[in-house]
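Colleague: give me the fold of what follows.
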Amino acid sequence: MNVGVAYADKFKKVWLKLEVPDGSTVREAIEHSGLLSQFPEIDLNTQKVGIFGKLTKLTAKVTEHDRVEVYRDITADPETAERRDSD
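Modeller: All right, here's what the predicted structure looks like:
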């Protein structure tokens, strides 16, 4: 079945289309995509994953045309973040 796997770091966005066997899990799709070797900082034990923007578990089954997403923590340093005026 055809699925997509997406990830973005500070510098690069990647969306890979690939074919995985029927019954594959989110973890298997991510591993099959090669994303883990391209981005060694990804830690599936701590990072959240989702399908089409909804959080899911690594053990969830993917279906045809799903977009699997690996989320990274977004951090903002309050000293360097731009302040927005509410006026």
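
Colleague: list the contacts for residue 30?
Modeller: Taking Cβ atoms under 8 Å, 6 or more residues apart in numbering as the contact definition, residue 30 lies against 5, 36, 44, 49, 58, 68, 70. Quick note: C-beta positions are derived from backbone N, CA and C, even for glycine.

Colleague: do the same with residue 56
Modeller: Residues near residue 56 by Cβ under 8 Å, 6+ apart: 26, 49, 50.

Colleague: can we see that at 10 Å?
Modeller: 25, 26, 48, 49, 50, 62, 66, 68, 69 (Cβ atoms under 10 Å, 6 or more residues apart in numbering).

Colleague: how about residue 44?
Modeller: By Cβ under 10 Å, 6+ apart, the residues touching residue 44 are 26, 27, 30, 31, 35, 36, 58, 70.

Colleague: the spatially most central residue of the chain and residue 45: what is the separation?
Modeller: Central residue of the chain (Cα atoms, centre = their mean): residue 70, 1.5 Å from the mean position. Note on residue 70: its distance to residue 45, by Cβ to Cβ, to the nearest Å, is 12 Å.
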